[in-house]
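> Structure for the following, please:
(one chain, ligands or ions: 1)
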Amino acid sequence: MLEAHHLTCVRDERVLFEALSLTVQPGEIVQIAGVNGAGKTSLLRILTGLATPESGNVCWQGEPIRRQRDVFHHQLLWLGHQPGVKAVLTADENLRFYHPRLSQDARWAALAATGLVGYEDVPVAQLSAGQQRRVALARLWLSDAALWVLDEPFTALDVAGIETLTRRLERHASRGGAVVLTTHHPLRPVNCPLRCITLNAPEAAA
Ligand SMILES: Nc1ncnc2c1ncn2[C@@H]1O[C@H](COP(=O)(O)OP(=O)(O)OP(=O)(O)O)[C@@H](O)[C@H]1O
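Numbers count the residues shown, from 1 in each chain. Okay, the predicted model is just below:
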């Protein structure tokens with residue numbers, strides 16, 4: 001599904017990782033672990049095509065992503081470290097921005113799935129940090145992308161929110177999707193293949 005070959009990433013004269021290869025198969029969750037600054041977000045950005053590695057390449061279904069950006073991005077849902085929602089828009093308007101063709105019923109159902117019943121028409125700026133995260137995560141209930149790449153998706157969620165999200169990830173994997181995520185929150189045992197790739201603390205470049 002997704003393959004990374006011999007990736008090297010240097011930031012600020014530090015080698016974050018070198019000759020890193022990994023594959024992501026349908027039906028699995030891959031956790032990228034490592035200490036603060038190890039390069040987890042940098043790796044996710046390379047895997048999604050948002051950043052370019054010093055060397056190596058990333059392939060989707062056997063083809064380099066740089067040669068098929070539109071196809072790849074159609075199959076990708078990327079949620080970055082920040083909630084990625086617009087503060088002046090309501091929860092529902094944020095979902096409509098990303099999914100203009102979906103019905104209000106579908107959008108509200110997604111918000112209900114993340115525990116936001118009654119907050120649909122509230123401007124995001126007035127929501128708590130955890131609720132803002134839930135608005136962003138509601139896209140996971142609307143997306144039909146095969147590959148989800150999620151940077152710290154559990155941040156700011158309460159215990160119930162963490163469980164709801166974990167179940168959503170399991171369901172996506174059970175339907176043949178794949179998830180790559182970073183988290184400092186330990187994942188509970190899941191009912192699908194789960195692999196953890198740990199990045200070492202970075203070294204100064206030679
Ligand atoms: N655009 C950039 N320019 C310079 N340095 C960068 C850039 N992006 C990241 N870095 C540096 O690369 C290192 C790794 O950053 P990254 O965000 O990938 O780490 P991380 O493992 O996701 O950390 P955390 O767990 O704190 O989120 C950091 O030292 C950071 O300062």
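
> make it CA atoms for all contacts and neighbour counts henceforth
Noted.

> thought residue 158 was touching residue 130?
Yes: between residue 158 and residue 130 there is a contact under C-alpha atoms under 8 Å: 7.3 Å.

> neighbour-wise, which of the two wins?
Ranked by neighbour count (other C-alpha atoms under 10 Å), residue 158 and residue 130 place residue 130 first, with 16 against 12.

> for this protein, what's the longest helix?
helix 159-174 (DSSP state H).

> in that one, what's buried?
161-162, 165-166, 168-170, 172-174 (16 or more other C-alpha atoms under 10 Å).

> So what touches that helix?
26-29, 114-115, 134, 140-141, 154, 178-179, 187, 190-192 (C-alpha atoms under 8 Å, 6 or more residues apart in numbering).

> which parts of this structure sit against the ligand?
Residues of the chain lying near the ligand by C-alpha under 6 Å from any ligand atom: 11-12, 35-42.

> Go through those residues and name the one nearest residue 146.
residue 41 (20.1 Å; C-alpha to C-alpha).

> after the strand or helix carrying the closest one, next one along is what?
Taking DSSP states H and E as the criterion, residue 41 maps to helix 40-47. Per DSSP H and E, the first helix or strand lying C-terminal to helix 40-47 is strand 55-60.

> follow-up on the earlier one: please save the CA atoms from the longest helix of the chain in CSV.
What follows is helix 159-174, C-alpha atoms only, in CSV (Å, rounded to 0.1, in the frame of the first residue of the first chain):
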residue,chain,number,x,y,z
VAL,A,159,-10.6,8.9,28.3
ALA,A,160,-13.9,8.4,26.5
GLY,A,161,-12.6,10.3,23.5
ILE,A,162,-9.5,8.1,23.4
GLU,A,163,-11.6,5.0,23.4
THR,A,164,-14.0,6.3,20.7
LEU,A,165,-11.0,7.2,18.5
THR,A,166,-9.3,3.9,19.1
ARG,A,167,-12.4,2.0,18.0
ARG,A,168,-12.7,4.2,14.9
LEU,A,169,-9.1,3.3,14.0
GLU,A,170,-9.8,-0.4,14.5
ARG,A,171,-12.9,-0.2,12.4
HIS,A,172,-11.0,1.5,9.6
ALA,A,173,-8.3,-1.2,9.7
SER,A,174,-10.9,-4.0,9.8
